[in-house]
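> Sequence and predicted structure below; questions after.
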Amino acid sequence: MLAAMVATPAAADSVYRVEDDAGNVTFTDDAASGGREMTLEPLQTITSSAAPSSKSSRSSDTAAPSSPFMPYDRFAIARPSGEARLPARPFAVNIDVSPALRDDHQARLVVDGSVSQSALHSEAFWVPRLAPGRHRLKAELLDAAGKVRHRTPVVEVRVVDSDRASSGG
């Protein structure tokens with residue numbers, strides 16, 4: 001009986017491909033099925049050392065950003081800088097993402113809590129003319145399934161009348 005218990009985990013690691021007379025394929029862990037043993041690549045796993053956040057009741061605009069999900073080391077708004085004074089005309093927002101954005105990932109821009117620009121495979125966004133006043137910018141990183149995986153810290157800018165604006169930093 002001890003030998004059977006020791007052998008069980010080893011058998012569970014094997015997968016057999018079985019094809020019936022009609023060409024239907026099934027996979028099983030039953031060695032007696034008469035199937036051909038398959039060699040499978042090991043699954044990649046990612047473990048998280050982050051503890052669950054007790055701040056989940058905070059809004060996404062005020063919640064502190066988490067570390068970018070793998071494979072990114074950095075995801076932040078590079079320009080404009082926080083507290084920038086911008087003229088009341090369209091302006092560019094540049095995202096700093098490192099390493100470069102994967103082909104199957106996209107970013108989108110959120111202005112004052114609303115999606116300003118649809119998700120794109122881009123690190124630059126064009127913001128249409130905003131009314132004078134304070135505005136909150138953040139970017140969201142979406143995975144291949146369109147799920148938001150990370151948000152930048154909020155960058156607050158001030159839009160002023162064009163003749164009163166200084167460099168947008």
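It's in.
> Quick check: end-to-end length of stretch 138-154?
5 Å (Cα to Cα, to the nearest Å).
> quick one: buried residues of it?
By neighbour count with 16 or more other Cβ atoms under 10 Å, stretch 138-154 contains the buried residues 138-142, 149-152, 154. C-betas here are computed from N, CA, C, even on glycine.
> Then stretch 99-118?
Buried, per 16+ other Cβ under 10 Å, within stretch 99-118: 101, 105-111, 116-117.
> Residue 92 contacts residue 123, doesn't it?
No. Counting by Cβ atoms under 8 Å, residue 92 does not reach residue 123; the two are 10.6 Å apart.
> More neighbours: which of these two?
Each of residue 92 and residue 123 has its neighbours counted (other Cβ atoms under 10 Å); residue 123 has more, 16 against 11.
> On the three-state scheme, the nearest residue to the more buried one once chain neighbours are set aside is what?
Computed as Cβ to Cβ, 6 or more residues apart in numbering, the closest residue to residue 123 that is not its neighbour in sequence is residue 95, at 4.5 Å. Following DSSP: H, G, I helix; E, B strand; the rest coil, the label given to residue 95 is strand.
> Break the protein into its domains for me.
What automatic domain parsing lists as the domains of the chain is 2-38, 74-163.
> Comparing those domains, which yields the minimum mean pLDDT?
If the domains of the chain are sorted by mean pLDDT, domain 2-38 sits at the bottom with a mean of 68.
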